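here are the coordinates; sequence isn't available:
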């Protein structure tokens, strides 16, 4: 039941963030944050529906030749989950930020090894997601990188 309320609050937050979009340079940051939250909500719903963690579900379809971003994008598509921020316009399907760059998606263990801040790690997220932000440089969740700092 706790997870249901988390999902409900997340959906309400996404709707609110999309409805309250300010004009100007902060819009891509707000939209990217909402996109990351949407991905986390989709992961939570899938885990609940399959009673299995996303890492186990992805492991079943694991292809070592492609990264976690592409694996997750393909898995979400196979589950008919609509995430607006993805591309396959002549490129491999990936989840992208509002600057058109692929999200950084790593396992929790890899994120910890990279010293990603605890606020981005969340309580028990199996996958950690962030955007490199407007400078398009991966600062492991720091500086101008964009993430969702929810539970």
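Received, thanks. What you see is a predicted model, and the numbers here were worked out from it, not measured in a lab.

What ranges does this structure have for its helices?
Along the chain, the stretches classed as helices by DSSP state H are 2-19, 27-50, 54-60, 68-78, 108-113, 118-121.

Quick one, which of those gets closest to residue 128.
helix 108-113 (3.9 Å; Cβ to Cβ). (Glycine included, C-beta is placed from N, CA and C.)

Quick check: buried residues in stretch 43-52?
For stretch 43-52, burial by neighbour count (16 or more other Cβ atoms under 10 Å) applies to 43-47.

For it, what is the distance to the chain centroid?
15 Å (Cα atoms, centre = their mean, to the nearest Å).

ok, now stretch 116-135?
8 Å.

pLDDT of that stretch, averaged?
Mean per-residue pLDDT for stretch 116-135: 93.

try stretch 53-62
For stretch 53-62, the mean confidence score works out to 83.

and residue 144, which of the helices of the chain is closest to it?
Using Cβ to Cβ, the helices of the chain put helix 27-50 closest to residue 144, at 8.6 Å.

Please find the angle between the direction vectors of the closest one and helix 68-78.
Relative orientation of helix 27-50 versus helix 68-78 (axes from the mean of the first three to the mean of the last three Cα atoms, to 10 degrees): 60 degrees.

what's helix 27-50 packed up against?
When contacts are defined as 3 or more Cβ pairs under 8 Å, 6 or more residues apart in numbering; DSSP states H and E, helix 27-50 sits against helix 2-19, helix 54-60, helix 68-78, strand 127-130.

Pull the residues that contact the shortest one.
Contact with strand 127-130 is made by 36, 39-40, 43, 54-55, 68, 72, 95, 103-108, 110-111, 116, 120-122, 141, 145-148, as judged by Cβ atoms under 8 Å, 6 or more residues apart in numbering.

Make a PyMOL selection of whichever of these turn out to be buried.
Only the buried entries of the contacts of strand 127-130 go into this PyMOL selection, using 16+ other Cβ under 10 Å:
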select buried, resi 36+39+40+43+54+55+68+72+95+103+104+105+106+108+111+116+120+121+122+141+145+146+147+148
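
what sits against residue 70?
Neighbours of residue 70 in contact, by Cβ under 8 Å, 6+ apart: 92-94.
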